[in-house]
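**Student:** Sharing a model prediction with you, sequence too.
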Amino acid sequence: MSAALLAEQLLNGLQFGVMLFLMAAGLTLIFGVMGLINLAHGSLYMIGAFAAAGMAALTGSFLLALAAALMAAAIVGAIVEMVVIRRLYDRDHLDQVLATFALILIFSEGTRFLFGSLPLYLDTPDLLSGPTTLFGGLEYSKYRLFIIAVGLAVGGGLFWLIARTRLGIQIRAGKADREMIAALGVDIRRLYTLVFALGAALAGLAGAMIGAIQSVEVGMGEPVLILAFVVIVIGGIGSIKGAFVGALLVGMTDTLGRVLLPQAFGLFMDASSATTVGASLASMSIYILMAGILLFRPSGLFGGQA
Amino acid sequence: MRRETILNVGIPGLLLAIGLLAYALDETYIITLATRAAILALAGVGLNIALGLGGLVSLGHAAFFGIGGYAMGILAFHAQTYMPLWGVIGGTTSMPIIWLVAVIASGLAALVIGALSLRTSGVYFIMITLAFGQMLFYFAISWPAYGGEDGVSIYMRNNFPGLNTLVPLNFFLICFAVLAVVLIFAGRLGKSPFGLALQATRQNVARVEAVGLAPYKLRLMAFVLSGAITGLAGALFADLNRFVSPSMLSWQMSGEIMVLVILGGIARLSGPVAGAMVFIALEYVLEDLSHYWHIYLGAILLLVVLFARGGLVGLIAGREVAHD
């Protein structure tokens, strides 16, 4: 395998990982601060993608589409938090799972009702279409580089927000002791709505950006949601740093596994069965990674005690 | 008799009555729906051992349901193509053998998945069981030997000694009989020393350890039993449809099994049966009413979770039941 191909796959893995981080960051933040497991996070990803596709069809502007995705996901997130999620914080995880599963049913069918069952397509803007030449003459998609850049920028912004701002201090305090920060005069209900909307906006952004690579359709969020779960289980639930490391690990493992495993099996098998075995194993690779990490660290790489 | 006891007999009895009445009225479609309800109820009874008794929120039970389904699909596929599996094991179309294989295969899978997942608890456990379910789902999709994404179709329903299984009523009665046997088993299990210890691990782990029991082992045994029963249901479900595909392994399937347990009432013996009947009835009625019936299902589920926490059986029998 040539170095150029490997470099391209590494970048693909990075892009996938960065996208997973946007999803996982929201999930882990919501779990860390409110103790809530949110299955409907994938729906917010889907809502972001549909809002972007709708706005792009209306105005033709990619920037407006991204803005619409952020706004739509954040607004829907805030409304859902105030109407439903708020009632679930002091319930057990089972109730949270069921209620958010119900939300998935409602959102998926609602979107199908509004937009129909056919997939929508979101075009990449002209400025970002086509490949660009990187160091060493490597050709790589501009748009994927854009996703990596946005993802890393948002990630950096998130770390800054959590570590350096007043809101970040409140969020971290909320993780540690919710009664105490309420007693200190922080409006905890507003803080929770804000955190939920922030997580939702990140998911919506991820959905909109990926919507331009894949098709925008109902049910697009759940596979990503489950991968994001794997990410935060690996990274340790509640840890943003863990989510980042986990996302890159999962992104790289999945992308490289799909390329390298069939080739590795090709060394000692005939081509067709190597492809079959390699592809099957590659589809399971991240779960095997997760199981392996859990054997040694049951609460994830950066988690506290489970 | 307590109300709960009446319901434990009455709810399955109602399902049987619906099946028989549909036969008397010659409503074949209703018999099929009743069969579906019986099979989904069986899957729910399986999940309920882990979920209700053990408090183990497994969002990956479709794995076992699907493994049971594929056990039937693979055995019947080899029987109908006359190609022995791995060159030695001939397929079979005999239901009891298929059931046995399905129970063993899904039980073994539950042993492996449970042994890994039960090292964690709480929200980790939910996500990990979900992830393992997804792993098998993607494996089934990418493994081409049994149809990959398209699944395996079986031309004829499998055989049961002494019965023509192609008659809808006969197959319904088989499924119902399996359900009834498993219900009796699950009812006795809940009151056995094992069942009581298992419920104790749900309520207070520290005390269970203090009296010298091992919560991990109890939970793992419950998880294996639970997976095996759900696998048996999967074999029947595949036989009902004469078709098995990765959709049986999908996480939505896990969600649906869990939903019907909750609709009926968690940790209630007859809860899954009531839940499955309501689920199928909703599907039947709402699908007629609207293409987008999942919206209503979602809304109903949301209301049940937020406001009726004991489920249907809980509404009728009262909330707290310590003994029967």
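**Tutor:** That came in fine, so what should we check first?

**Student:** worst-scoring helix or strand of chain A, pLDDT-wise?
**Tutor:** strand A:131-133 (a mean of 80; mean pLDDT, DSSP states H and E).

**Student:** For it, name the packing helices and strands.
**Tutor:** strand A:139-141, helix A:142-164 (3 or more Cβ pairs under 8 Å, 6 or more residues apart in numbering or on different chains; DSSP states H and E). Glycine gets a C-beta too; all of them are placed from N, C-alpha and C.

**Student:** How about the first one, which residues are buried there?
**Tutor:** Residues of strand A:139-141 classed as buried by neighbour count (16 or more other Cβ atoms under 10 Å in any protein chain shown): A:140-141.

**Student:** Residues touching it, excluding its own?
**Tutor:** Contacts with strand A:139-141, where a contact means Cβ atoms under 8 Å, 6 or more residues apart in numbering or on different chains, come from A:8, A:11, A:130-134.

**Student:** List the single closest residue to the residue in the stretch 151-300 of chain B that chain A sits nearest to in space, sequence neighbours excluded.
**Tutor:** At 3.2 Å from chain A, B:Gly298 is the closest residue in the stretch 151-300 of chain B, using Cβ to the nearest Cβ. Of all residues not flanking B:Gly298 in the chain, A:Leu105 sits nearest, at 3.2 Å (Cβ to Cβ, 6 or more residues apart in numbering or on different chains).

**Student:** so which helix or strand takes in that neighbour?
**Tutor:** Using DSSP states H and E, the element containing A:Leu105 is helix A:93-115.

**Student:** any idea of the angle the one helix or strand A:Ala53 maps to forms with helix A:93-115?
**Tutor:** With elements taken from DSSP H and E, the one containing A:Ala53 is helix A:41-59. Using axes from the mean of the first three to the mean of the last three Cα atoms, to 10 degrees, the direction of helix A:41-59 lies 20 degrees away from that of helix A:93-115.

**Student:** List the buried residues for helix A:41-59?
**Tutor:** Using 16+ other Cβ under 10 Å as the burial criterion, the residues of helix A:41-59 that qualify are A:41-56.

**Student:** Name the next helix or strand following that helix along the chain.
**Tutor:** Reading on from helix A:41-59 to the C-terminus, the next helix or strand found by DSSP H and E is helix A:62-83.

**Student:** Can you report how many residues lie near A:Tyr121?
**Tutor:** The tally of other residues near A:Tyr121 (other Cβ atoms under 10 Å in any protein chain shown) stands at 14.

**Student:** follow-up on the earlier one: in contact with the residue nearest to B:Gly298, which residues?
**Tutor:** The neighbours of A:Leu105, taking Cβ under 8 Å, 6+ apart as the test, are B:294-295, B:297-298, B:301.

**Student:** still on that earlier bit, report the two of the buried residues of helix A:41-59 separated the most.
**Tutor:** Of all pairs drawn from those, the greatest distance, 23.0 Å, lies between A:His41 and A:Ala56 (Cβ to Cβ).

**Student:** Give me the residue ranges of the stretch 1-150 of chain B where confidence is low.
**Tutor:** The model of the stretch 1-150 of chain B has pLDDT under 70 over residues B:1, B:86-88.

**Student:** Can you name the residue of chain A nearest chain B?
**Tutor:** Of all residues in chain A, the one sitting closest to chain B is A:Leu105 (3.2 Å; Cβ to the nearest Cβ).

**Student:** Name the residue most distant from the centre of chain B?
**Tutor:** With distances taken from the mean C-alpha point of chain B and given as Cα atoms, centre = their mean, the most distant residue is B:Ala210, at 33.3 Å.

**Student:** Tell me how far that one lies from B:Gln199.
**Tutor:** From B:Ala210 over to B:Gln199 the distance is 16 Å, taken as Cβ to Cβ, to the nearest Å.

**Student:** Number of residues surrounding B:Arg2?
**Tutor:** Residues near B:Arg2, counting by other Cβ under 10 Å, number 12.

**Student:** and if you look at B:Ser247?
**Tutor:** For B:Ser247, the tally of surrounding residues (other Cβ under 10 Å) stands at 17.

**Student:** what residues does the stretch 1-150 of chain A put near chain B?
**Tutor:** By the criterion of Cβ under 8 Å from any Cβ of the partner chain, the positions of the stretch 1-150 of chain A lying close to chain B are A:31, A:37, A:84, A:87, A:93-95, A:97-99, A:101-106, A:108-110, A:112-113.

**Student:** same thing but at 7 Å, please
**Tutor:** A:31, A:37, A:84, A:87, A:93-95, A:97-99, A:101-103, A:105-106, A:108-110, A:112-113 (Cβ under 7 Å from any Cβ of the partner chain).

**Student:** The stretch 1-150 of chain B against chain A: which residues are in contact?
**Tutor:** Residues of the stretch 1-150 of chain B that fall close to chain A, judged by Cβ under 7 Å from any Cβ: B:57, B:59, B:116, B:119-124, B:126-128, B:130-132, B:134-135, B:138-139, B:142-144.

**Student:** Can I get the buried ones among these as something I can paste into ChimeraX?
**Tutor:** Entered in ChimeraX, the line below selects the buried ones among the residues of the stretch 1-150 of chain B next to chain A, by 16+ other Cβ under 10 Å:
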select /B:57,59,116,119,120,121,123,124,126,127,128,130,131,132,134,135,138,139,142,143
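
**Student:** Great, nothing more from me.
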